[in-house]
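**Student:** Mind folding the following:
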Amino acid sequence: MGNLTIHVLTLFPDFFKSPLSESILARAIKKGLISVQIHNLRTFGLGERKTVDDNPYGGSAGMVLRVDVLAKAAESVSSKERGGKPYVVLLDPKGKRYDQGRAEKLSKKKEVLLVCGHYEGVDQRFADYFCDEVVSVGDFVLTGGETAALVLIDSIVRLQPGVLGKKESLQSESFSLTKTEGKNSRIFDFPTYTRPESFQGKKVPPILLSGNHAKIKQWRANKARQLTLKFRKDLVQG
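**Tutor:** Numbering: from 1, shown residues only. Here you go, the predicted model:
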């Protein structure tokens, strides 16, 4: 096993095959830096039909994932050599907004279980009593928690030591914790340019060609703040 083990509880295990076999995620798994284990919720279903959901009490449209099925599945995902049950995260639009700070906290866990909600959601008792955290990736609704789980996996894995080429890559990117005007902030990264130096009359800012590293650093800091103020003023104010 790698330094971090991520478990995913889902009704659609094949959903994760392609993303986990490509690019940085695949390399991290191959190197043993992380381990990702997919668990099929249907395995823990009830009866011959392996039922996992039921009609909601009080009446409304859709079906709800049963608390007994979810609890049994979550409790089965444990690792004695890692000290017991994993940190359980439910993907649900009613959860706290996911951000870089939460990604950093989760990346320091030894074992995480991501539970993919589906249908009209999960029995609230599962969220209240069996989950350590409920997370939303944004103010919108997806057809299932699988897409959201991939967002968390990608954001967590790339923070693991050895996954990215240089440690500096993490320190200078958008939403990394940096000191801005004497305060710790999470703002956008600075704009970047590469060859050609001129394209359709649009030129690379001359400061980047000057070789003056002190001025370049200051220019980048100013541009990063300007971009953040333009598109996400709340980050600067926060």
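**Student:** elements contacting the lengthiest strand in the chain?
**Tutor:** Ranked by residue count and defined by DSSP state E, the top strand of the chain is strand 87-97. In terms of contacts (3 or more C-beta pairs under 8 Å, 6 or more residues apart in numbering; DSSP states H and E), strand 87-97 is packed against helix 100-107, strand 111-116, helix 124-129, strand 133-136, helix 145-157. Yep, even glycine has a C-beta here, placed from its N, CA and C like the rest.
**Student:** Among these, which comes closest to Trp219?
**Tutor:** helix 100-107 (23.8 Å; C-beta to C-beta).
**Student:** Can you name the residues that contact the closest residue to Phe16 other than its chain neighbours?
**Tutor:** Once flanking residues are discounted, Phe16 sits nearest to Ile38: 5.4 Å by C-beta to C-beta, 6 or more residues apart in numbering. Listed by C-beta atoms under 8 Å, 6 or more residues apart in numbering, the contact set of Ile38 reads His7, Val8, Thr10, Pro13, Phe16.
**Student:** I'd like those residues as JSON lines, with secondary structure appended.
**Tutor:** Below are these laid out as JSON lines (DSSP: H, G, I helix; E, B strand; the rest coil):
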{"residue": "His7", "secondary structure": "strand"}
{"residue": "Val8", "secondary structure": "strand"}
{"residue": "Thr10", "secondary structure": "strand"}
{"residue": "Pro13", "secondary structure": "helix"}
{"residue": "Phe16", "secondary structure": "helix"}
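**Student:** Which one (most neighbours) among those residues?
**Tutor:** Val8 (27 neighbours; other C-beta atoms under 10 Å).
**Student:** Hmm, it is touching Gln37, no?
**Tutor:** Yes: using C-beta atoms under 8 Å, Val8 is in contact with Gln37, at 7.3 Å.
**Student:** Show the backbone phi and psi for the closest residue to Val64 other than its chain neighbours.
**Tutor:** Of all residues not flanking Val64 in the chain, Pro56 sits nearest, at 4.8 Å (C-beta to C-beta, 6+ apart). Phi and psi for Pro56, reported as degrees, to the nearest 10, are phi -70, psi 140.
**Student:** now Pro56: how far from Val69?
**Tutor:** 15 Å (C-beta to C-beta, to the nearest Å).
**Student:** These two: which has the busier surroundings?
**Tutor:** Val69 (23 against 15).
**Student:** follow-up on the earlier one: do I have it right that the residue nearest to Val64 meets Arg66?
**Tutor:** No: the criterion here is C-beta under 8 Å, and Pro56 misses it with Arg66 at 10.9 Å.
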